[in-house]
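>>> build the 3D model from these lines:
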Amino acid sequence: MRWVTYLSPSGGGERLGALDEGDVLGSPGSERLADLLEAGDDALGAAHGRAVDAPIEIIVEPEARMCAPVVPTAPVAVRAGDDVWEVAPGLVRGADDAVSPDACSARVGVAAVAGGGGPASAYTPACLWLDRTGRPVQLSLGPVLVTADEVPGEPLRMSASVDGRELGRGLVDPGHEWLVSGPAGVRALLPVATPPLETDDELFVDADALGTFEVRVGSQV
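Presented below is the predicted three-dimensional model:
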């Protein structure tokens, strides 16, 4: 299953949506994705069925304003090479949210979300933004969260580019010990490092089976 959390044009609030054939199908319930993941596969499947059978609204994916699919309640353990950070939940944003003007480079990879279905119930693209001193200023998650049963067993191919120029590439094994060990919550493994970025650079991230997204560096709109 493929899920998003988006801003509903009919109410302005965040709503859970199932992604199906390029459309966001708004869930008719008030469930949060984090709660469904904790409840396990049966709850996820039932919610997906309700969204597909009786969506409260249907939005073409590119027209939906995406939020972070899940917002952690505890610090996110992030690893990029030999560097490890504990990123505060308050720094988590969605792929469509404005990027901090202090961001000067990025680390790109995958975040695993643990829930009732196992140590890594679902996966989503992750992008950690660093300032000039290497301090995290923002962690972008999403836009799509994919349940573990739809993620291939082989490593995911990751890449980051600006204006068609590749800045870096790497692999993430969904079963990597860093992603599937440790306390429940959100953990991220980021193998791709960009060089310094300029304001208004449009960073394009390709996360293989997890999808793609593009964000303007330093954009506040």
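
>>> tell me the SS of residue 134?
Secondary structure assignment for residue 134 (DSSP: H, G, I helix; E, B strand; the rest coil): coil.

>>> distance-wise, check the closest residue to it other than its chain neighbours relative to residue 207.
Residue nearest to residue 134 in three dimensions, not counting chain neighbours: residue 83, with 7.8 Å by CB to CB, 6 or more residues apart in numbering. C-beta here means a position set from N, CA and C on the backbone, and glycine is covered the same way. Going from residue 83 to residue 207 by CB to CB, to the nearest Å gives 20 Å.

>>> which one's more surrounded, the two?
residue 207 (25 against 14; other CB atoms under 10 Å).

>>> beyond the longest strand anywhere in the chain, next helix or strand please.
With secondary structure taken from DSSP state E, the chain has its longest strand at strand 118-130. Counting by DSSP states H and E, the next helix or strand C-terminal to strand 118-130 is strand 136-141.

>>> remind me what the helix or strand following that next one packs against, helices and strands.
Per DSSP H and E, strand 136-141 leads on to strand 145-147 as the next helix or strand towards the C-terminus. Applying 3 or more CB pairs under 8 Å, 6 or more residues apart in numbering; DSSP states H and E, one finds that strand 145-147 contacts strand 2-7, strand 118-130.

>>> chain center to strand 145-147: distance?
In this view, strand 145-147 has its centroid 9 Å away from the chain centroid, taken as CA atoms, centre = their mean, to the nearest Å.

>>> can you give me the mean pLDDT across it?
The average pLDDT within strand 145-147 is 95.

>>> got a list of contacts for it?
Residues from elsewhere that reach strand 145-147, judged by CB atoms under 8 Å, 6 or more residues apart in numbering: 1-4, 33, 41, 44, 69-70, 113, 117, 121-124, 209-211.

>>> quick test: name the residue nearest the centre of this protein.
residue 142 (2.3 Å; CA atoms, centre = their mean).

>>> close enough to count as contact, that residue and residue 4?
Yes - using CB atoms under 8 Å, residue 142 makes contact with residue 4 at a distance of 6.9 Å.

>>> excluding sequence neighbours, find me the nearest residue to residue 74.
residue 185 is the one closest to residue 74 (CB to CB, 6+ apart), at 5.1 Å.

>>> verify the stated contact: that neighbour with residue 115.
No - counting by CB under 8 Å, residue 185 does not reach residue 115; the two are 9.6 Å apart.

>>> higher neighbour count, those two?
residue 115 (25 against 18).

>>> which ones are touching the more buried one?
34, 36, 37, 38, 39, 40, 121, 122, 184.

>>> among those, who's most crowded?
residue 122 (30 neighbours).

>>> pretty sure that residue is touching residue 111, no?
No - using CB under 8 Å, residue 122 is not in contact with residue 111; the gap is 9.2 Å.

>>> out of all of them, which helix in the chain is the longest?
Counting by DSSP state H, the longest helix found in the chain is helix 41-53.

>>> packing partners of it?
Counting by 3+ CB pairs under 8 Å, 6+ apart, helix 41-53 packs on strand 14-20, strand 23-26, helix 33-39.

>>> in JSON lines: these, plus mean pLDDT and distance to residue 78.
As requested, those are exported to JSON lines (pLDDT from 0 to 100; distance: least, CB to CB, whole Å):
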{"stretch": "strand 14-20", "mean pLDDT": "95", "distance to residue 78": "23"}
{"stretch": "strand 23-26", "mean pLDDT": "96", "distance to residue 78": "28"}
{"stretch": "helix 33-39", "mean pLDDT": "88", "distance to residue 78": "18"}
